[in-house]
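Q: Sequence unavailable; structure follows:
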């Protein structure tokens, strides 16, 4: 067993990252697309849901050339490549309604960062290594990056029913900033209540 290293995403990581993202968020993706898992990864790639090009804040956890986890950070005026998708091919292969429903559902979950905020857009860990602290390493790396770049807040959204994730975030210093309820996400995803959690990075305790 080697050492887990956190580094910037590279294009060669794409297939492994796509598999991790697909399995980590499979329940949400399946509710939005009604596709079997063996077709899901291809659908998400063609719809442009999984980023294939590197940009600042897109990092992976790696051990012995195997990707164990991924995290995407977002902030205002972030330098990202243009959207990468092939909606025509996705719609031709899977149907326009599935594409529209997927993109609409993900748009509802989008939260635009405020000035001075470093926001965790996605964090996902390979299911078979979730008891090895990979998520903790990613979050600690993200916080360090946010501090180094002068951000005032480090934040994320999580379903109020995801008790295991909430416990981890609280252990690492995140507080529940507010509770948000959405009947649209209830209808589409079966999730009505979300926690916006965050850390104040200007506090001496978070430096």
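A: Structure's in. What do you need? None of these values were measured; they are calculated from a predicted model.
Q: show me the contacts for the most centrally placed residue in the chain.
A: By C-alpha atoms, centre = their mean, the chain has its centre lying nearest to residue 122, at 0.9 Å. Neighbour list for residue 122: 21, 70, 71, 72 [criterion: C-beta atoms under 8 Å, 6 or more residues apart in numbering]. From N, CA and C alone the C-beta is placed, and that goes for glycine too.
Q: to the chain's geometric centre, what's the distance from stretch 181-201?
A: 14 Å (C-alpha atoms, centre = their mean, to the nearest Å).
Q: For it, give the mean pLDDT please.
A: On average, the pLDDT along stretch 181-201 is 93.
Q: again with stretch 141-150
A: For stretch 141-150, the mean confidence score works out to 96.
Q: Only the buried residues of that stretch, if you could.
A: Residues of stretch 141-150 classed as buried by neighbour count (16 or more other C-beta atoms under 10 Å): 141, 142, 143, 145, 146, 147.
Q: Quick check: which element contains the second one?
A: Taking DSSP states H and E as the definition, residue 142 sits inside helix 134-148.
Q: who does that helix touch, helix- and strand-wise?
A: strand 5-8, strand 58-63, strand 66-74, strand 117-125, strand 153-159, helix 163-171 (3 or more C-beta pairs under 8 Å, 6 or more residues apart in numbering; DSSP states H and E).
Q: switch the cut-off to 10 Å
A: The contact analysis (3 or more C-beta pairs under 10 Å, 6 or more residues apart in numbering; DSSP states H and E) places helix 134-148 against strand 5-8, strand 58-63, strand 66-74, strand 117-125, strand 153-159, helix 163-171, strand 193-200.
Q: can I get those in TSV with distance to residue 42?
A: Formatted as TSV, the helices and strands packed on helix 134-148 follow (distance: least, C-beta to C-beta, whole Å):
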stretch	distance to residue 42
strand 5-8	25
strand 58-63	21
strand 66-74	18
strand 117-125	18
strand 153-159	26
helix 163-171	27
strand 193-200	29
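Q: Which one, of the ones you listed, ends up nearest to residue 110?
A: strand 117-125 (8.4 Å; C-beta to C-beta).
Q: So what touches stretch 163-172?
A: Stretch 163-172 has contacts (C-beta atoms under 10 Å, 6 or more residues apart in numbering) with 120, 123, 130, 133, 135-136, 139-140, 143, 154-156, 158-160, 162, 174-176, 195, 197-199.
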